[in-house]
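Chemist: Need coordinates for the following:
(one chain, ligands or ions: 1)
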Amino acid sequence: MSAPAAAEAPQAIFRTERLTKIYGAGTKAEVRALDGVDLVLPEAELVVLLGPSGSGKSTLLNILGGLDHATGGRAWFRDMDLTAMTDQKLTRYRRDHVGFVFQFYNLVASLTARENVELVTDIAADPMPAAEALALVGLTGPLDHFPAQMSGGEQQRVAIARAIAKRPEVLLCDEPTGALDSRTGVEVLAALDAVNDRFGTTILVITHNSDIRRMAHRVIRFQDGQVIDVERNASRISAKEVQW
Ligand SMILES: Nc1ncnc2c1ncn2[C@@H]1O[C@H](COP(=O)(O)OP(=O)(O)OP(=O)(O)O)[C@@H](O)[C@H]1O
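Modeler: Below is the predicted model:
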């Protein structure tokens, strides 16, 4: 009997080998922000990264997103070795493949919701219309409102719409609900879930709300710059069931 077809196994979108980031190497102030991380992340999953403050979550996200360089080990996006890339190539990688969502939405205050998304759709190769990206995150009404006229949850959903409008393969989210109350936080999580479900976008979410782990396909726990546990959820809850 032949072996199961390899094509049926989900492809790894990210892979790391002994990935290391040391700040102040050789000095008294040396910090091992990442200390030999080995990971394989299949595509199309919603992945939650948990761990105490300072355990290395943002450092990993920044290296996978091409915002920062490792000091040792390797990291791949598909077959692209991120750790071997020049800054110029990393910029291109980010532009072509990655969307970012941060805790503070980083919207342009003088532009409307629609215009904030159009900033990206104007320069992307195959963007979705701004209104479509905004509808996907549940924003159909206030497209011509300015950030100051929107709730925190609405602003964060505009930031997600902006990140997904260029149809990235991965969406990297650092504390996307960190500044939100439970009601608006749920709306943001539902938007992320919808993007994962609709487009199969791989989504990595750093959070300090550990209940969000129950929404994830996969949960990665960090401590002291190391991955101490990777767990795949047998079943998942919806965004509105998350406890705050
Ligand atoms: N630019 C820097 N220079 C020196 N040390 C840094 C720098 N950036 C991060 N660190 C250190 O690296 C370690 C990992 O930081 P990182 O931000 O990745 O942790 P984290 O798990 O994301 O924390 P948090 O949950 O608080 O955001 C911490 O000890 C942090 O102080």
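
Chemist: How about the contacts made by Asp96?
Modeler: By C-beta atoms under 8 Å, 6 or more residues apart in numbering, the contact set of Asp96 is Ala125. From N, CA and C alone the C-beta is placed, and that goes for glycine too.

Chemist: how about 10 Å then?
Modeler: 124-125, 166, 168-169 (C-beta atoms under 10 Å, 6 or more residues apart in numbering).

Chemist: what about it, distance to the ligand?
Modeler: The gap separating Asp96 from the ligand is 25 Å, by C-beta to the nearest ligand atom, to the nearest Å.

Chemist: buried stuff in whichever strand or helix holds that residue?
Modeler: Element membership of Asp96, judged by DSSP states H and E, is helix 87-97. Buried positions in helix 87-97, judged by neighbour count with 16 or more other C-beta atoms under 10 Å: 90, 93-94, 97.

Chemist: other SSEs contacting the helix or strand just after that helix?
Modeler: Using DSSP H and E, the helix or strand that follows helix 87-97 in sequence is strand 98-101. Applying 3 or more C-beta pairs under 10 Å, 6 or more residues apart in numbering; DSSP states H and E, one finds that strand 98-101 contacts helix 57-64, helix 152-164, strand 170-174, helix 182-199, strand 202-206.

Chemist: Name the residues that touch strand 98-101?
Modeler: Contact partners of strand 98-101, identified using C-beta under 10 Å, 6+ apart, comprise 61-62, 64-67, 77, 90, 94, 106, 120, 156-157, 159-177, 188, 191-192, 195, 201, 203, 205.

Chemist: just checking, next helix/strand downstream of it?
Modeler: Using DSSP H and E, the helix or strand that follows strand 98-101 in sequence is helix 113-121.

Chemist: Quick check: pLDDT value at the most centrally placed residue in the chain.
Modeler: Note on the chain: the residue nearest the mean C-alpha position is Leu172, at 1.5 Å, using C-alpha atoms, centre = their mean. Leu172 is assigned a pLDDT of 98 by the prediction.
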